[in-house]
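1. Pasting the sequence and the predicted coordinates here, then a few questions.
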Amino acid sequence: MEMSVKDFPRRNDLVIGLVKRIEDHGVIIELLEYDNLEAYIPRGHVASGRIKDIRDYVREGDTVVGRVIRSIKKKGQVDVSLRYVTEEQKRRKLEEWKERVRVLSLLRVAAQRAGYENPEIKAKEAWYKLTAYYKNPMDVLEDVLHEGPEILTAAGIEDRYAKYIADVVKTQLKTPIYVKNIVLRVVSLEPNGVEIIRDALISGKNAFKSDKVEIDIYTAGAPRYVVSVKSKDPRLIKRAATSILKSISRKLEHKGYIEVLEEREHRKRLQ
C-alpha cells in the first residue's frame, strides 16, 4: 500500500485537484495530494455568479485549486469550493504542488539508481520523512549541495539511499541564491548624527569583501535600515552578516547604537 503524504483534508485546507468528471450538479475531482481520494465541487462553487455551462469554467483533465468546505473523514466525503480561492492563493498552491512533484521525481530517480524494488513507494517514504523533519523538502535537497547527504540521514533516510539522492541532486539542481535581510534601528543623538550613521553604514557595507557575496544597505524610513546579504553559499551569508553588524557597531562606538528589529531569510531558485 502506498504511503500518502497527507492523511485527510480538513475544512479550509487548500487542495490540488484533477478534474475527473463533470456532471450537471457539480464536478468530481481527484485530490492529488491524497492517494485515490475523490472530492466534490457543487455547481454553485465552481465559479461566482450564474453558471450556464460548467465547462465554461473547467474541463476534464484540468488541474484546479480549491478550498475544502466540508470534510467528513468517517464517510470519506470531501466538498471543495473554487470560489473561495484568490488568484494569489492559487498561484502559491500550484507552485507548491509543482515543487512537490519535482522533489518526488528526484527521489524516485535516486531510488531507481539505488536498485530499490519499488522506487515510487521508496520516494514517497523519503518525502514523508523529509516533511516530518524539515519545513520544505526542496530546501533540504538544495542544502545537500553544501552540506552533503548527512542532513538527509538526520531525517531518517538510510545512508545508502541518501548518497544516491545527493548524487542525483548534484546533477539536477542548481544552487539557489540565499538571501538574508536584517532590519536595523540605527540611532545617533549627536549634532552630526546623520553623517555618523551614514559613515557607520558605509563601514558595514565594506566590512566583508568577497566576489561571492552581494551586500546592499538601504533605508526603510529612518531610523530603520535594511542590510541585505546575497550569496550562493549560505555559510558566507552568516559570516558576512556578522562582520557587517560588528563593523557598524564599532563605527558608532559611543556616538549611537544599533538594534536588530527583524531577520528574514529566503532563497531565489534558478531555473
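-> On my side now, so go ahead.
2. can you give me the helices in the stretch 151-271 of the chain?
-> Secondary structure of the stretch 151-271 of the chain, counting by DSSP state H, counting those that start in this stretch: helices at 159-172, 193-205, 234-252.
3. Of all these, which one comes closest to residue 71?
-> Using Cβ to Cβ as the measure, helix 159-172 is the one of those that comes nearest residue 71, at 33.9 Å. All C-beta atoms are positioned from the backbone trio N, CA, C, and that covers glycine.
4. For residue 137, see how far away residue 238 is.
-> Taking Cβ to Cβ, to the nearest Å as the measure, residue 238 falls 23 Å from residue 137.
5. Would you mind telling me which of those two has more residues around it?
-> Set side by side, residue 238 and residue 137 show unequal neighbour counts under other Cβ atoms under 10 Å, the larger going to residue 137 at 24 against 14.
6. May I have the phi/psi pair for the more buried one?
-> phi -60, psi -40 (degrees, to the nearest 10).
7. In this structure it contacts residue 127, no?
-> Yes. Under the criterion of Cβ atoms under 8 Å, residue 137 lies in contact with residue 127, with a separation of 6.3 Å.
8. Mutual contacts of those two, please.
-> Residues touching both residue 137 and residue 127 by Cβ atoms under 8 Å, 6 or more residues apart in numbering: 100, 103.
9. The helices of the stretch 151-271 of the chain into a markdown table, with extra columns for distance to residue 85?
-> Written out in a markdown table, the entries for these read as follows (distance: least, Cβ to Cβ, whole Å):
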| stretch | distance to residue 85 |
| --- | --- |
| helix 159-172 | 31 |
| helix 193-205 | 43 |
| helix 234-252 | 34 |
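10. In a markdown table: the ones you listed, plus mean pLDDT.
-> As requested, the helices of the stretch 151-271 of the chain are arranged in a markdown table below (pLDDT from 0 to 100):
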| stretch | mean pLDDT |
| --- | --- |
| helix 159-172 | 96 |
| helix 193-205 | 96 |
| helix 234-252 | 95 |
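11. So which of these is nearest residue 112?
-> Ranking the helices of the stretch 151-271 of the chain by their distance to residue 112 (criterion: Cβ to Cβ) puts helix 159-172 first, at 9.0 Å.
12. which intervals of this protein have sub-threshold pLDDT?
-> 1-6, 271 (pLDDT under 70).
13. domain ranges for it?
-> With automatic domain parsing serving as the domain definition, the record reports that the chain contains domains spanning 14-85, 88-172, 177-268.
14. Now that we have the ones you listed, can you turn them into JSON lines and tack on distance to residue 8?
-> Converted to JSON lines, these look like this (distance: least, Cβ to Cβ, whole Å):
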{"stretch": "domain 14-85", "distance to residue 8": "5"}
{"stretch": "domain 88-172", "distance to residue 8": "15"}
{"stretch": "domain 177-268", "distance to residue 8": "31"}
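15. Going along the chain, name the strands of the stretch 101-250 of the chain.
-> In order along the chain, the stretch 101-250 of the chain carries the following strands (DSSP state E, counting those that start in this stretch): 177-187, 213-219, 224-231.
16. got a markdown table for these, with distance to residue 83 and mean neighbour count too?
-> Written out in a markdown table, the entries for the strands of the stretch 101-250 of the chain read as follows (distance: least, Cβ to Cβ, whole Å; neighbours: other Cβ atoms under 10 Å):
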| stretch | distance to residue 83 | mean neighbour count |
| --- | --- | --- |
| strand 177-187 | 35 | 18 |
| strand 213-219 | 41 | 15 |
| strand 224-231 | 38 | 19 |
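17. so which of those comes closest to residue 12?
-> Using Cβ to Cβ, the strands of the stretch 101-250 of the chain put strand 177-187 closest to residue 12, at 30.6 Å.
18. got the angle between that closest one and helix 234-252?
-> Comparing the axes of strand 177-187 and helix 234-252 via axes from the mean of the first three to the mean of the last three Cα atoms, to 10 degrees yields an angle of 20 degrees.
19. Give me the distance between strand 177-187 and the centre of its chain.
-> Taking the mean C-alpha point of strand 177-187 and that of its whole chain, the gap between them comes to 20 Å (Cα atoms, centre = their mean, to the nearest Å).
20. Could you grab the helix/strand/coil label for the closest residue in space to residue 14 that isn't next to it in sequence?
-> Nearest residue to residue 14 in three dimensions, chain neighbours excluded: residue 93, at 5.0 Å (Cβ to Cβ, 6 or more residues apart in numbering). Of the three states, residue 93 takes helix according to DSSP: H, G, I helix; E, B strand; the rest coil.
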